[in-house]
Each structure stands twice: as C-alpha cells, then as structure tokens.
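S.K.: curious how this folds, go ahead:
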Amino acid sequence: MRLTYTSDLWWKNAVIYCLDVETFKDGNGDGVGDFRGLTQQIDYLAGLGVTCLWLMPFFPTPNRDDGYDITDFYQVDPRLGTLGDFVEFIRTAHDRGLRVIADLVVNHTSDQHPWFAESRSSRESPRRDWYVWSDTPEPDDPTQIVFPDKEDSVWQYDEPSGQYYLHSFYRHQPDLNVGNPEVRDEIARVLGFWMELGLSGFRVDAVPFLIENVNPQLANPHEFLADLRAFMTRRKGGSILLGEVNVPYKELIRYFGDGLGDQITMCFDFISMQRAWLALARSDAEPLASALSERPRPPKDCQWAMFLRNHDELTLDKLTEEERQEIFGAFGPRREMQIFGRGLRRRLPTMLGGDLRRIKMAYSLLFSLPGTPVIFYGEEIGMGENLEEEGRMAVRVPMQWSRDGGFSQARPVRRTPGGSFAPDRVNVEEQKRDADSLLRWFQLLIERYRECPELAWGDCTVLESGHPAVFAHRCDAEGASVVVVHNLCDTATDVRLTLSGLEHYRLTDLLVDGQLEVSAEGTALVPLGPHDCRWLRAAPPEISPQDASIKAQ
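M.R.: Numbering: from 1, shown residues only. Below is the predicted model:
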C-alpha cells in the first residue's frame with residue numbers, strides 16, 4: 001500500500017529554504033545581493049534538494065529593519081533588481097521544480113509608506129482609519145514590548161495630527177488596522193498580485209500581532225485569516241500560509257482554524273524548537289519528548305513547520321528564566337551573544353562549538369522530527385555569525401560560496417564571520433568536493449527525508465529508550481514505519497527499543513550501511529556512538545528494504 005498524498009498538499013513533506021536576496025548572491029557587482037545573483041544559484045539550490053524557497057522581504061524599504069519596514073507592497077527594492085528580474089527568477093525556479101513563497105509583512109508598514117503619510121496628514125483623511133490611532137492609549141504592558149532594548153512603549157505621539165499611533169514593533173513601523181475592510185481588501189490584492197507572478201504562498205509575519213488589534217466590531221478576528229486562505233485557494237489550489245505564531249499550544253491550535261483547517265496552513269513549532277535546545281543543553285531527551293507528547297495534532301490538511309534556527313534571534317521566551325540561563329550558559333555565555341534578554345543571536349554551528357559530529361546529529365534530529373523542515377541559508381555548510389553586526393543582523397551574513405567569499409566582486413553589504421567560520425574555512429566550493437562535509441550530509445538528509453513520507457504524514461510515537469540522553473521516536477503511516485534514534489550525549493551507549501507490531505522485522509539504516517533485527521518479543525538493540533543518529537526503515541523479512549521504501553512512497 002502506498003501513502004496517499006496529492007500534489008496539492010506538496011508542503012506536507014517539503015523542504016523549505018529561507019534566504020535573504022540581499023545577502024545571498026550579488027549578480028551585478030555592487031556589493032548587494034539581488035535577484036540576478038539568486039537566479040544564478042538556482043541550480044545549486046535544486047541540487048541541494050530543497051523543494052521550496054522562502055524569500056525574506058524584497059520590497060522597497062528605508063531599510064531600518066532589514067526590509068521589514070515596507071514602503072510599497074507592489075514593487076521590488078531597486079537595490080535587489082526589477083519586477084522583470086523577479087519574474088525571471090520565478091521562471092527559473094519553477095523550471096527546476098522549486099516553489100517559492102515570500103514574507104507577508106502586513107501587520108505594519110514603514111512610516112514612510114504613502115498610506116501612512118496620507119493617514120497622518122489629517123484626522124479627516126480617507127486613510128486615517130487604515131492605521132490604529134488613539135487620543136488616550138491604554139497603559140503599556142511591558143511584556144508586550146517586542147524590542148525592549150529599543151522601545152519603551154507601543155504608542156508613539158504624532159505631533160502634526162495630535163494623536164498616538166500604535167506600533168507593535170519599532171516606532172517607525174505603524175500598525176495597519178485590519179479591522180478596516182478597505183485594509184483587508186488591499187492585503188488580498190497584494191497576495192493576488194504576487195501569486196499572479198508565480199508565488200505559491202506566503203510566510204505570515206507575526207500572526208498574533210496581525211489580528212489582535214482589529215476593530216472591535218469584527219466579531220471574530222480569525223475570520224480574516226480564513227478569508228485570506230479562501231481567497232488564495234480560489235486563486236491557486238495548493239497555495240499556503242506559513243504562520244509565525246509563537247504562542248502556547250492551546251492558543252496556537254486556533255490559528256489552524258479551530259478544527260476546520262481553513263486558516264494558517266502551517267505553523268512554526270516554537271515550543272518544540274525551544275525544548276529541543278534545552279534537551280541539547282542538558283544532553284537529556286525529556287524536554288523534547290514532553291513537547292512532542294503535549295503537541296496537539298493539527299487539523300487535516302494542516303502541518304507543523306519544524307526548525308532549530310531561523311532568521312531572527314533564537315527566541316527562548318516560552319522557557320522559564322532558569323531554563324533560559326541553562327541554554328545561555330551552554331550556547332551563548334557572553335552578553336554580546338544574547339539579545340532582548342530572551343534569546344541568542346548565534347547560528348547553530350557556533351553554538352555547538354564547530355563540533356561536526358554534534359552538528360550533523362542536530363540537523364538529523366531536525367529532519368526527522370514530525371513535520372516539514374525549514375532551514376536558513378548557509379546552514380547546509382555550517383556558516384557562523386558575526387557578532388560585530390548589530391542585533392539580529394549577526395546571523396544575516398553574506399552567503400559563503402568560495403574561499404574568498406564569492407558573494408560579490410565588491411565589498412559585501414555586511415561582514416562575513418571570522419576565525420574558523422571565515423569563508424576560507426567554510427564555503428560551498430570546497431564542501432562540494434568533500435564527501436564527508438556538512439553540505440553532503442544535508443543532501444543525504446534531504447534525500448532520505450523525501451524518501452520517508454512517514455516522517456511528515458505519519459503518526460508519531462515517542463519511544464522509551466531507557467537512557468536519558470537518547471531520543472527515539474517512531475512514525476507510522478499506512479503500514480509503513482520508520483524508527484529514528486538520536487544520542488544527545490558524548491558517550492556511546494546501546495539502547496533496547498520496544499517496537500510493537502514489528503516482531504521479526506528488519507530495520508535497515510538509511511544513513512549508513514547496516515541492518516538490525518527486531519526480536520520475536522518485539523524489541524531491537526540499537527548501538528549508538530557519541531552524538532550518533534540512526535534512521536531505521538522497518539520491513540518484514542520477505543520484503544527487501546528497497547521494496548519497503550517504494551511501498552512507503
């Protein structure tokens with residue numbers, strides 16, 4: 001029996017690759033990445049095995065927040081190219097079988113956007129109600145201030161119009177009022193415009209902030225998300241909304257659509273991500289195991305997006321202060337490595353001390369967790385950060401293509417990492433020639449993940465390993481099973497797993513050569529080296545491992 005999935009649900013077992021056009025590849029030699037440069041590297045991305053590209057903002061911007069302060073939702077920032085360059089990039093990506101999604105940043109605009117200029121021009125302006133204004137704003141809740149190092153309030157007084165405007169983020173990013181029907185219609189037009197140019201969906205920035213400040217007359221703020229999803233489905237079947245929803249599971253499940261699955265298609269699993277880092281810091285599987293056990297099952301045709309590191313700070317806000325300090329102590333002990341008092345501004349390879357064995361194990365864990373893996377550009381070669389860059393920019397460094405950088409013939413827009421993570425030590429060109437490199441490991445993980453749809457589509461069961469540092473789980477779908485085991489500590493160990501229903505089965509390792517046997521009692525002894533990982537496909541004795549893989553697909 002084959003797993004029954006359709007192309008309309010392509011995102012269920014996609015591999016999503018997030019990149020910033022500005023820092024990926026410079027195609028015209030001015031030191032700034034652009035769409036021409038990105039198009040030149042499409043074959044590299046296709047060869048890596050990723051199936052969907054997620055573009056960070058590429059719209060016109062004053063660039064006070066790395067492009068998240070937008071002045072025109074219908075154009076490409078001139079520094080990055082033209083609409084023509086964008087269309088050529090989309091055509092090339094589609095030709096290689098890659099889908100493309102982009103950031104949808106409609107919680108706010110730049111204060112230099114023409115909409116806001118008109119809104120603040122007069123209280124009688126037709127666009128006054130496009131933003132959130134108040135004569136007497138409510139007192140601030142300090143816990144709701146997103147950037148406590150830069151802002152002390154979410155309200156800013158506007159001298160010309162004599163009122164305060166709401167800004168959930170920086171003061172130069174006034175919040176749009178999605179309670180206004182005209183605003184909602186305009187957002188739909190933005191989506192429709194870029195979908196006509198080839199996008200397959202959007203990553204929705206800061207979803208809770210987008211709907212929490214709506215007009216009180218809107219009975220259910222979530223209706224806005226349902227309307228967007230319905231609009232997209234009408235325009236292009238199989239299009240998606242990937243939501244940044246960093247709230248507890250009990251609240252988060254509503255963003256999928258209260259059991260209907262008609263709002264956000266995929267939500268990032270911030271809880272499992274943060275618990276995974278706690279597990280890595282402690283060399284103890286329990287925090288991650290408990291998160292996955294607590295995690296609700298999303299509605300049909302919805303999915304979790306899994307990640308260990310993204311383009312922002314590594315937020316640890318859903319952990320206790322004591323737990324945060326554990327992770328700080330293990331992975332970012334110096335103050336300059338920390339940000340906002342709740343996170344780290346480091347990349348995974350540097351947090352793990354450049355230990356390739358441990359790094360490979362961590363990414364194996366990511367790709368095997370139940371959901372759709374999302375990776376950040378440069379992770380596949382083990383890029384580090386540059387702490388001399390301000391704030392989050394520390395991890396948004398130029399892509400390292402060759403020993404001399406290879407990003408641009410001119411001086412790059414940002415500085416590359418130094419030391420053992422400098423381009424002459426970490427780059428694509430040399431890792432392509434090294435069979436044992438992290439790049440080759442990523443290619444193998446992506447290939448195996450795509451061959452194991454059980455990981456994305458199946459039912460996940462956390463297994464009792466009998467060892468505190470060993471995380472084991474099993475994914476089953478339509479008679480096919482994959483068992484995955486990770487050793488989070490630096491000592492070798494053997495664990496015996498109970499695998500009910502797999503008595504006498506063979507377990508074929510998908511990452512290295514070798515097989516294990518499941519006993520008549522339904523147990524299997526799994527040997528693990530330090531920071532080792534095993535992906536084991538189960539097959540009855542009369543079925544070859546190759547046939548079992550075909551059966552699963």
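S.K.: so who does residue 235 touch?
M.R.: 191, 192, 195, 196 (Cβ atoms under 8 Å, 6 or more residues apart in numbering). Just so you know, the C-beta spots here come from the backbone N, C-alpha and C atoms, and that holds for glycine as well.
S.K.: which one of those sits closest to residue 16?
M.R.: The nearest member of the contacts of residue 235 to residue 16, counting by Cβ to Cβ, is residue 195 at 17.6 Å.
S.K.: quick one, what contacts the closest one?
M.R.: Here residue 195 is in contact with 232, 235, 236, 239 (criterion: Cβ under 8 Å, 6+ apart).
S.K.: how near is it to residue 487?
M.R.: Residue 195 sits 44 Å away from residue 487 when distances are taken as Cβ to Cβ, to the nearest Å.
S.K.: still on that earlier bit, possible to save the contacts of residue 195 as a markdown table with secondary structure?
M.R.: Below are those laid out as a markdown table (DSSP: H, G, I helix; E, B strand; the rest coil):
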| residue | secondary structure |
| --- | --- |
| 232 | helix |
| 235 | helix |
| 236 | coil |
| 239 | coil |
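S.K.: follow-up on the earlier one: reformat the contacts of residue 235 as JSON lines; add secondary structure and distance to residue 397.
M.R.: Putting those into JSON lines (DSSP: H, G, I helix; E, B strand; the rest coil; distance: Cβ to Cβ, whole Å) gives the following:
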{"residue": "191", "secondary structure": "helix", "distance to residue 397": "31"}
{"residue": "192", "secondary structure": "helix", "distance to residue 397": "34"}
{"residue": "195", "secondary structure": "helix", "distance to residue 397": "31"}
{"residue": "196", "secondary structure": "helix", "distance to residue 397": "33"}
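S.K.: tell me the pLDDT at residue 216?
M.R.: Looking at residue 216, its pLDDT stands at 59.
S.K.: next, the residue nearest in space to the middle of the chain: secondary structure please.
M.R.: Computing the C-alpha centroid of the chain and ranking residues by Cα atoms, centre = their mean puts residue 374 first, at 4.4 Å. Secondary structure assignment for residue 374 (three-state DSSP): strand.
S.K.: quick check: which ranges of the chain have low pLDDT?
M.R.: For the chain, residues meeting the criterion pLDDT under 70 lie at 1-7, 213-219, 543-553.
S.K.: care to break it down by domain?
M.R.: 11-64+78-102+372-451, 114-166, 458-552 (automatic domain parsing).
S.K.: show the end-to-end separation of the first one, please.
M.R.: In other words, domain 11-64+78-102+372-451. End-to-end distance for domain 11-64+78-102+372-451, by Cα to Cα, to the nearest Å: 15 Å.
S.K.: which residues of the stretch 251-400 of the chain fall in helices?
M.R.: Using DSSP state H, counting those that start in this stretch, the helices of the stretch 251-400 of the chain run over 270-282, 286-294, 321-331, 348-351, 356-368.
S.K.: redo these as JSON lines? Include mean neighbour count and distance to residue 313.
M.R.: Shown next, in JSON lines, are the helices of the stretch 251-400 of the chain (neighbours: other Cβ atoms under 10 Å; distance: least, Cβ to Cβ, whole Å):
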{"stretch": "helix 270-282", "mean neighbour count": "23", "distance to residue 313": "12"}
{"stretch": "helix 286-294", "mean neighbour count": "18", "distance to residue 313": "20"}
{"stretch": "helix 321-331", "mean neighbour count": "16", "distance to residue 313": "12"}
{"stretch": "helix 348-351", "mean neighbour count": "25", "distance to residue 313": "12"}
{"stretch": "helix 356-368", "mean neighbour count": "21", "distance to residue 313": "18"}
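S.K.: with distance to residue 187 added, can I get these in a markdown table?
M.R.: Listed next are the helices of the stretch 251-400 of the chain as a markdown table, based on distance: least, Cβ to Cβ, whole Å:
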| stretch | distance to residue 187 |
| --- | --- |
| helix 270-282 | 24 |
| helix 286-294 | 33 |
| helix 321-331 | 35 |
| helix 348-351 | 34 |
| helix 356-368 | 32 |
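S.K.: between those, which gets nearest to residue 458?
M.R.: Short answer: helix 356-368, nearest of the helices of the stretch 251-400 of the chain by Cβ to Cβ, at 11.6 Å.
S.K.: check which residues of stretch 527-545 are buried.
M.R.: Across stretch 527-545, burial judged by 16 or more other Cβ atoms under 10 Å covers 528, 530, 531, 532, 533, 534, 535, 536, 537, 538, 539, 545.
S.K.: repeat that for stretch 382-402.
M.R.: Those would be 382-387, 389, 391-401, for stretch 382-402 by 16+ other Cβ under 10 Å.
S.K.: cool, and stretch 439-446?
M.R.: Here stretch 439-446 shows 439, 441, 442, 443, 444, 445, 446 as buried, counting by 16+ other Cβ under 10 Å.
S.K.: repeat that for stretch 488-495.
M.R.: Neighbour counts using 16+ other Cβ under 10 Å place 488, 489, 493, 495 of stretch 488-495 among the buried residues.
S.K.: in strands, which of those residues fall?
M.R.: 493, 495 (DSSP state E).
S.K.: nothing else from me, thank you.
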